[in-house]
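Student: sequence unknown, structure follows:
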């Protein structure tokens with residue numbers, strides 16, 4: 001009987017060991033699968049969703065220490081080509097960020113602002129009005145550049161379920177796991193696709209994308225509507241409400257662009273701003289930033305280059321300092337990382 005007890009206990013011990021080995025194998029299999037999935041995603045997903053200057057600006061936003069950004073610039077490519085937060089820092093010690101993406105529509109701007117409030121408590125949101133006059137759907141590529149770079153959280157779930165974005169049920173999962181969208185790219189991979197960089201090592205200068213390219217503007221206009229549509233107005237109302245809820249000043253601005261701007265648009269936005277008691281800075285009207293359209297644009301009047309952005313940034317920076325009294329953080333130890341970024345920024349300017 002004692003021998004039977006011993007065998008019974010021995011058998012239980014052996015069974016436990018076998019179960020532990022099985023559990024260990026299952027966990028190891030799952031971990032290896034996750035690692036392979038992450039590596040394949042990093043390789044197969046196009047680089048413009050990972051290390052292109054116009055999209056890593058979104059990922060890098062999450063690297064900013066919580067509640068350290070006092071002003072956030074929201075909008076489309078006119079923002080990340082037209083405003084340099086590092087210049088505002090250098091001159092005034094004000095912390096800011098360009099939280100923007102290509103072809104950004106006002107409904108995406110609303111969610112970007114909402115996402116911003118999850119991580120920062122900006123005293124001022126500066127919203128580009130260039131996107132007020134289009135109610136067309138955003139292209140898939142532009143939406144991918146924005147959403148593939150966002151963290152998956154409540155805000156991203158809201159975007160995926162917002163009917164305005166017209167994302168089908170079958171597409172939603174691919175916005176959470178982008179590899180599902182790009183898995184067929186394997187036969188188009190190039191050597192650069194296998195160079196896996198850490199997003200934290202990619203410098204985007206607080207969202208600003210530097211270019212010294214020059215292509216002067218002569219004539220020509222875009223074809224946008226010159227009135228603010230109902231869909232845009234609905235999301236503008238949401239933006240106004242969420243800024244009020246967070247005690248944040250909302251400022252509207254039209255970054256210089258002779259291709260998209262018109263007197264009719266100016267009047268439309270001016271009336272909207274007055275009716276909602278908002279400040280509106282139109283840098284096209286009377287050429288407030290003194291833009292030279294021969295030297296200060298990279299692509300014939302659509303976007304500014306570095307030289308134009310310096311002028312716009314100087315004007316906006318003075319407004320933030322003089323009218324909104326944003327603090328100078330240059331003597332605050334917790335902002336020492338900005339000095340390191342300033343060095344990288346200056347090097348980038350010299351090397352271009």
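Tutor: Received, thanks. Here the structure is a predicted model, which means the values were calculated and not measured.

Student: which parts of stretch 246-256 are buried?
Tutor: Using 16 or more other CB atoms under 10 Å as the test for burial, stretch 246-256 gives 246, 248-256. From N, CA and C alone the C-beta is placed, and that goes for glycine too.

Student: residue contacts, residue 67?
Tutor: Counting by CB atoms under 8 Å, 6 or more residues apart in numbering, residue 67 touches 119-121.

Student: from the residues you listed, pick the one nearest residue 158.
Tutor: Nearest to residue 158, judged by CB to CB, of those is residue 119 at 15.9 Å.

Student: what's near enough to touch the closest one?
Tutor: By CB under 8 Å, 6+ apart, the contact set of residue 119 is 61-62, 64, 66-67.

Student: which of those residues count as buried?
Tutor: Members of those classed as buried by 16+ other CB under 10 Å are 61, 64.

Student: reformat the contacts of residue 119 as JSON lines; add secondary structure.
Tutor: Formatted as JSON lines, the contacts of residue 119 follow (DSSP: H, G, I helix; E, B strand; the rest coil):
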{"residue": "61", "secondary structure": "helix"}
{"residue": "62", "secondary structure": "coil"}
{"residue": "64", "secondary structure": "coil"}
{"residue": "66", "secondary structure": "coil"}
{"residue": "67", "secondary structure": "coil"}
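
Student: ok, of the contacts of residue 119, which one's closest to residue 269?
Tutor: The nearest member of these to residue 269, counting by CB to CB, is residue 61 at 26.4 Å.

Student: can you tell me the SS state at the closest residue to that closest one other than its chain neighbours?
Tutor: Nearest residue to residue 61, sequence neighbours excluded (CB to CB, 6 or more residues apart in numbering): residue 99, at 5.6 Å. The assignment at residue 99 comes out as strand when based on three-state DSSP.

Student: any idea which residue sits dead centre in this protein?
Tutor: In the chain, the residue lying closest to the centroid (CA atoms, centre = their mean) is residue 58, at 3.3 Å.

Student: name the helix or strand for that one, please.
Tutor: Applying DSSP states H and E as the criterion places residue 58 in helix 53-61.

Student: list the buried residues for that helix?
Tutor: Applying a neighbour-count criterion of 16+ other CB under 10 Å, one finds 53-61 buried in helix 53-61.

Student: could you do stretch 155-168 as well?
Tutor: For stretch 155-168, the neighbour count (16+ other CB under 10 Å) marks 155-156, 159-160, 164-165, 167 as buried.

Student: related to what we said a few turns ago, return the member of the buried residues of stretch 246-256 nearest to residue 72.
Tutor: Nearest to residue 72, judged by CB to CB, of the buried residues of stretch 246-256 is residue 248 at 8.8 Å.
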